[in-house]
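>>> Sequence plus the predicted model coming up.
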Amino acid sequence: MAGFIIRRVISSFLVVVLTSMFVFALFFLGPSNPAGPVCEASGKCTAERLALIEEQMGLNESVVTQYGAFAKGIFVDRTITIGSEYECDAPCLGISYGTRGQVTDELLEKYPATLSIAIGGAMIYLTLGVLLGVLAARWRGTAADRLLVGGSLLVSSVPYYLFALLAWIFLTLQWSIFPATGYTPLTENPGAWFAGLLLPWVVIGVTFSTQYARFTRGSMVETLGEDYIRTATAKGVKSNKVVFKHGLRAAIVPIVTIFGLDFAALLAGTVFTERIFNINGVGWWALNSIQSPQDFPVITATVLVSAVLVVVANLLVDVIYSFLDPRVRMS
Amino acid sequence: MTDFLTDQQHAGQPTPAPGGEDFLVVENLSVQFPTHDGLVKAVNDLSYSVKMGETLGIVGESGSGKSVSSMAVLGLHDIKRSRLTGSIRVDGKEIIGASEQTLRKIRGNEVAMIFQDPLTALHPFYSVGAQIGEAYRIHHDVSKSKARAKAIEMLDRVGIPQAKSRVDDYPHQFSGGMRQRAMIAMALVNDPKLIIADEPTTALDVTVQAQILDLLQELQRDFRSAIIIITHDLGVVAEMADEVLVMYAGRAVEQGPTRELLTHPEMPYTWGLLSSMPDVTASTDARLVPIPGNPPSLLNPPTGCPFHPRCPHVDKVPGDLCRTELPEFLPGQRGTHHLKRCHLVNPDDIYATEVLPEIAPDLVELTLADNADVAHGDGMHGER
């Protein structure tokens, strides 16, 4: 078991390193010149000025040297020159061209908002989706099942941003059922934190729950047809317990896998959610960074963070999987 | 081929205490499943009974209704997807139409089931001990640690070495034979009065099969329970059963005491089962004769006798009787204890002169002599 985890951690680390190289190459070797936006931001951009900025930013060095400097910054402090000199404390992900602040600081500042949205939403959609899926599987073929499957198809066929926007317009603006949305740090005012995130949570919870209801239903229908379910009934186990203990215990395993990856995607930024509900999180930040003038250090950082999250989620799923399924645990 | 028959004739079998009350009574049971293609008549008008301490063998091919009928005894069919008529009484309590609560009290407690493939029938994510303990705690109000102790005791009882350390193992860590032992331990944990074993040895190696059958017999002696053993293997029946019920297309087609039925079968389907059974000690003259064709569709069963499309003896029945009329389930020539569903008038002669010479030439003389005895009025049927 320990060996398994160590092997997985090492391979995950390699994946992250490779991704960082790829991201770095993609943006610094791409067709546009990172020095361009910096040059333009500081008034009239002459050819000499551009060349000077390129020189200062180290863009004339080889890619390997540039990547080396970037990678080194993750472990030790460095000084970055963009027009003037900026201190960048380790772990340094660069200096934002837009704000000239440290990317790491901005990431840490914006991350709690995204994290709050993702965790709250995931708790709702996982609970709701799994519960609905189990009930649909249990009453499969009945009107309740068809209503659930049909309803979930309907909800998931509406684009998420439309659903979110309509929810915000009607539930918050028009009818004031939900409080105005926005992000207040939890440490500052827990009540305001909760109120501002309530609608985003509900919207994420409801939309994502439909696909989880379908996954769970499928997995449960299969499980409930297994011999060991019949064995449990034949032992005299109550039917609720047969479904929720014997059935769900086995059916939840594939759901965990899907959830791990989904949740990582959610953590990497909830662009629509943040934009529509006016929450200043990682998603919005990433969105702004790719708009002109492009903020390359921010793009690099957000992509890298997403990659790390996906890799970590995969790792966690594998570890959890091995706890859920004793057959994996032993081998 | 009939090694086991002669063995039994010499050794005899311990017969259960006579005169006991019927613990399980099945009367006119029919089980039907409505499907998109029509009504599947899985079991038709089936009646049988089992006494305490007795073993009934139900024999038939896949789809003959043997498992379906025994699952009905525990009310395991989804009432929304099946139609059950007739009566099943467990210790006097009616099962058909009974509430979930009544059924739950019977399941695993008075009647326990052993399933065919213990790898799929045991939950892969719970330890063997937890599963046995759960079965115990459903019907006994005891703590988890007491249930665990009971699980260890049961595992030990069914011959699992180092039960104390194996109790926390998962089913996949057990061998096939050990898994079936664990399954039996789980079935016996509440000391049930009736055990239904649905092909308990089919998924096992031959050597392990014998051990499991031995174990079941030994436990039956200790627990004095009734056993229904469902199988397609007549060898298992010969070893285990006191009484045999042969099923075909959802109906009982022959029934009688084991030795009587296996030595003097009166229904061509039973002959077919006997003929298709290989025997390592048989003379090389003995042939293995498979039953031609496939089991009939239960959606659209053949008219008349359901076996007629596969029966090589149809022409011995006058007229079109086999194709037009379902034979009744009645005693044949050998006495009231031996029932058969067949139009043939003289099945014993046909068996002795046409079937036996092919499959067990060495037994022809013996059987013919027996038949002559019956004709003179002092047959074997007086024995039970």
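Cool, got the structure.

>>> Can you pull out the low-pLDDT segments for the chain?
Using chain A. Along chain A, segments meeting pLDDT under 70 span A:1, A:42, A:269, A:292, A:329-331.

>>> Please refer instead to chain B.
Checking chain B against pLDDT under 70 turns up B:1-20, B:280-283, B:374-384.

>>> how about the residues of it that lie near chain A?
Contact residues (C-beta under 8 Å from any C-beta of the partner chain) of chain B with chain A: B:74, B:76, B:80, B:100, B:104-109, B:112-113, B:115, B:117, B:120-127, B:134-135, B:138-139, B:170, B:172-173, B:186. C-betas here are computed from N, CA, C, even on glycine.

>>> Can you flag the buried ones in the residues you listed?
Neighbour-count burial (16 or more other C-beta atoms under 10 Å in any protein chain shown) applied to the residues of chain B next to chain A gives B:74, B:76, B:104-109, B:112-113, B:115, B:117, B:120-127, B:134-135, B:138-139, B:170, B:186.

>>> Excluding residues flanking it in the chain, which one is nearest B:H343?
B:V317 (4.4 Å; C-beta to C-beta, 6 or more residues apart in numbering or on different chains).

>>> Distance of the one you found relative to A:A90?
Computed as C-beta to C-beta, to the nearest Å, the B:V317 to A:A90 distance reads 97 Å.

>>> Those two - which one has more neighbours?
Comparing B:V317 with A:A90 by other C-beta atoms under 10 Å in any protein chain shown, the one with more neighbours is B:V317, at 20 against 13.

>>> Name all residues that make contact with the more buried one.
Going by C-beta atoms under 8 Å, 6 or more residues apart in numbering or on different chains, B:V317 touches B:343-345.

>>> Save those residues as JSON lines, and put in neighbour count and secondary structure too.
Formatted as JSON lines, the contacts of B:V317 follow (neighbours: other C-beta atoms under 10 Å in any protein chain shown; DSSP: H, G, I helix; E, B strand; the rest coil):
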{"residue": "B:H343", "neighbour count": "22", "secondary structure": "coil"}
{"residue": "B:L344", "neighbour count": "22", "secondary structure": "coil"}
{"residue": "B:V345", "neighbour count": "12", "secondary structure": "coil"}
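
>>> what residues go with each domain of chain A?
A:2-103, A:106-330 (automatic domain parsing).

>>> For the stretch 1-150 of chain A, which segments are assigned as strands?
Using DSSP state E, counting those that start in this stretch, the strands of the stretch 1-150 of chain A run over residues A:78-82, A:84-88.

>>> ok so, going back, which phi and psi values does the residue nearest to B:H343 adopt?
Per-residue torsions, B:V317: phi -100, psi 130 (degrees, to the nearest 10).

>>> From chain A, how far off is it?
Here B:V317 is placed at a distance of 41 Å from chain A (C-beta to the nearest C-beta, to the nearest Å).

>>> ditto for B:D285
42 Å.

>>> That residue contacts B:A360, correct?
No - if you go by C-beta atoms under 8 Å, B:D285 and B:A360 don't touch, sitting 9.0 Å apart.

>>> which residues touch the nearest residue to B:L24 once chain neighbours are set aside?
In space, B:L24 comes closest to B:V50 once its chain neighbours are excluded; the distance is 4.5 Å by C-beta to C-beta, 6+ apart. Residues counted as contacts of B:V50 (C-beta under 8 Å, 6+ apart) are B:22-24, B:56, B:194, B:226-228, B:243.

>>> Looking at the residues you listed, which are in strands?
B:22-24, B:56, B:194, B:226-228, B:243 (DSSP state E).

>>> between those, which is nearest chain A?
The closest of the ones in strands among the contacts of B:V50 to chain A turns out to be B:L194 (C-beta to the nearest C-beta; 12.4 Å).

>>> wait, that closest one sits on B:F223?
No - using C-beta under 8 Å, B:L194 is not in contact with B:F223, being 10.6 Å away.

>>> which of the two has more neighbours?
B:L194 (23 against 15).

>>> Report the residue ranges of every domain in chain B.
Split by automatic domain parsing, chain B gives B:126-189, B:264-375.

>>> Which stretch among the ones you listed is buried most, on average?
domain B:126-189 (a mean of 20; mean count of other C-beta atoms under 10 Å in any protein chain shown).

>>> Quick one: the strands in the stretch 201-350 of chain B, in order.
Using DSSP E, counting those that start in this stretch, strands in the stretch 201-350 of chain B cover B:226-231, B:243-248, B:251-257, B:330-331, B:339-340.

>>> got the ones you listed as TSV, with distance to A:V9 columns?
Output for the strands of the stretch 201-350 of chain B, formatted as TSV (distance: least, C-beta to C-beta, whole Å):
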stretch	distance to A:V9
strand B:226-231	51
strand B:243-248	59
strand B:251-257	63
strand B:330-331	75
strand B:339-340	70
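
>>> how much space between the closest residue to chain B within the stretch 1-150 of chain A and A:A213?
Going by C-beta to the nearest C-beta, chain B is nearest to A:G141 of the stretch 1-150 of chain A, at 8.0 Å. Distance from A:G141 to A:A213, counting by C-beta to C-beta: 16 Å.

>>> Neighbour count for the two, which is higher?
Neighbours per residue, other C-beta under 10 Å: of A:G141 and A:A213, the larger number sits with A:A213, 27 against 11.

>>> Quick check: buried residues in whichever strand or helix holds the more buried one?
For A:A213, the host element (DSSP states H and E) is helix A:190-224. Buried residues in helix A:190-224, counted by 16+ other C-beta under 10 Å: A:193, A:195-221, A:223-224.

>>> Contacts only, for residue 61.
Because you didn't say which chain, this covers chain A. A:A69.

>>> Switch to chain B, please.
Counted by C-beta under 8 Å, 6+ apart, B:E61 has contacts B:232, B:248, B:295.

>>> Assess the claim that the first one and B:S62 are in contact.
Yes - contact status for B:H232 versus B:S62: in contact at 7.3 Å, counting by C-beta under 8 Å.

>>> Who has more neighbours out of the two?
B:H232 (18 against 10).

>>> ok, and the closest non-adjacent residue to the more buried one?
With sequence-adjacent residues excluded and distances taken as C-beta to C-beta, 6+ apart, B:H232 is closest to B:E61, at 6.1 Å.

>>> Now that neighbour, what are its backbone angles?
phi -70, psi 180.

>>> now the helices for the stretch 101-250 of chain A?
In the stretch 101-250 of chain A, the segments counted as helices under DSSP state H, counting those that start in this stretch are A:103-138, A:143-157, A:160-167, A:190-224, A:227-235, A:239-241, A:248-267.

>>> Just say which of those is most tucked in.
Neighbour counts (mean count of other C-beta under 10 Å) averaged over each of those peak at helix A:227-235, with a mean of 23.
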